[in-house]
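Enquirer: Below is the sequence, then the predicted model.
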Amino acid sequence: MDQGWAALAGAGVGVVGTLCTSWLTYAAARRQARDQGAVEHGRALRNERLEAYLAFMKAAEPVDSVLHRVAHQDGARAAARNAPPPADVLHAAVEELGTAVDALYKAQARLDLMGPKPVAAQAVNVWSDVRSLRTYLERVRLGMIEGGVPHDEYRTGLEDVVDAVEVSRERFARRAREVIETPP
């Protein structure tokens with residue numbers, strides 16, 4: 001009978017060992033599947049964010065064209081760069097910036113969903129600064145119609161709004177780059 005109990009105890013230990021091994025294998029496989037799912041989700045999210053960031057940057061492209069025509073006045077003499085461009089140039093710039101503001105708003109709304117929050121916040125700053133540039137140029141255009149804008153006032157105000165746009169765009173790009181470069 002002692003041998004019977006020993007054999008039974010040995011079989012019980014074997015069964016318990018097999019069950020423990022099965023449970024550990026199941027838990028490890030489950031954890032591995034969960035970890036793999038998290039990695040795949042991270043990759044997919046990063047790719048979607050990259051697409052959203054590129055769409056936002058594309059929506060901001062018309063701003064570059066406006067800056068070259070209005071702020072840098074490509075091809076103009078140095079003295080002429082301090083004066084506002086002609087009213088028709090300002091009108092076209094305001095129209096283009098209006099279109100850009102709308103496109104940036106739509107692209108920024110997508111960034112609110114894609115995140116992370118610091119990138120979305122920088123996108124709001126870009127949108128806001130482009131709106132401010134548009135508003136400033138519209139005021140200058142209306143001021144020209146009403147009797148002119150002093151050159152030094154124009155240049156100082158323009159530099160302020162252009163600097164704000166350029167800084168906010170650079171900050172957005174830096175934040176977006178940080179997200180994209182961080183491994184999932």
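Expert: Sure, I can see it. Numbers count the residues shown, from 1 in each chain.

Enquirer: For the rest of this, base every contact and every neighbour count on C-alpha atoms.
Expert: OK.

Enquirer: Counting by contacts, list what the one helix or strand residue 102 maps to packs against.
Expert: If you go by DSSP states H and E, residue 102 is part of helix 87-114. Here helix 87-114 touches helix 2-59, helix 61-66, helix 117-146, going by 3 or more Cα pairs under 8 Å, 6 or more residues apart in numbering; DSSP states H and E.

Enquirer: From the rest of the structure, what touches the second one?
Expert: In this case it means helix 61-66. The contact list for helix 61-66, computed with Cα atoms under 8 Å, 6 or more residues apart in numbering, reads 93, 96-97, 100, 130.

Enquirer: Redo the helices and strands packed on helix 87-114 as CSV? Include mean neighbour count, distance to residue 168 and mean pLDDT.
Expert: Formatted as CSV, the helices and strands packed on helix 87-114 follow (neighbours: other Cα atoms under 10 Å; distance: least, Cα to Cα, whole Å; pLDDT from 0 to 100):
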stretch, mean neighbour count, distance to residue 168, mean pLDDT
helix 2-59, 14, 12, 76
helix 61-66, 17, 13, 93
helix 117-146, 20, 5, 93
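
Enquirer: export the ones you listed to CSV and tack on distance to residue 183?
Expert: Formatted as CSV, those follow (distance: least, Cα to Cα, whole Å):
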stretch, distance to residue 183
helix 2-59, 8
helix 61-66, 28
helix 117-146, 17
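
Enquirer: who wins for proximity to residue 153 among these?
Expert: Residue 153 lies closest, by Cα to Cα, to one member of those: helix 117-146, at 10.0 Å.

Enquirer: if we can go back for a sec, wait, which of the helices and strands packed on helix 87-114 is closest to residue 178?
Expert: Minimum separation from residue 178 across those (Cα to Cα) falls at helix 117-146, 9.4 Å.

Enquirer: need the next SSE after the closest one, C-terminal direction.
Expert: Going down the chain from helix 117-146, the next helix or strand is helix 151-181, by DSSP H and E.

Enquirer: so that next one versus helix 117-146, what angle?
Expert: Orientation check (axes from the mean of the first three to the mean of the last three Cα atoms, to 10 degrees): helix 151-181 against helix 117-146 gives 160 degrees.
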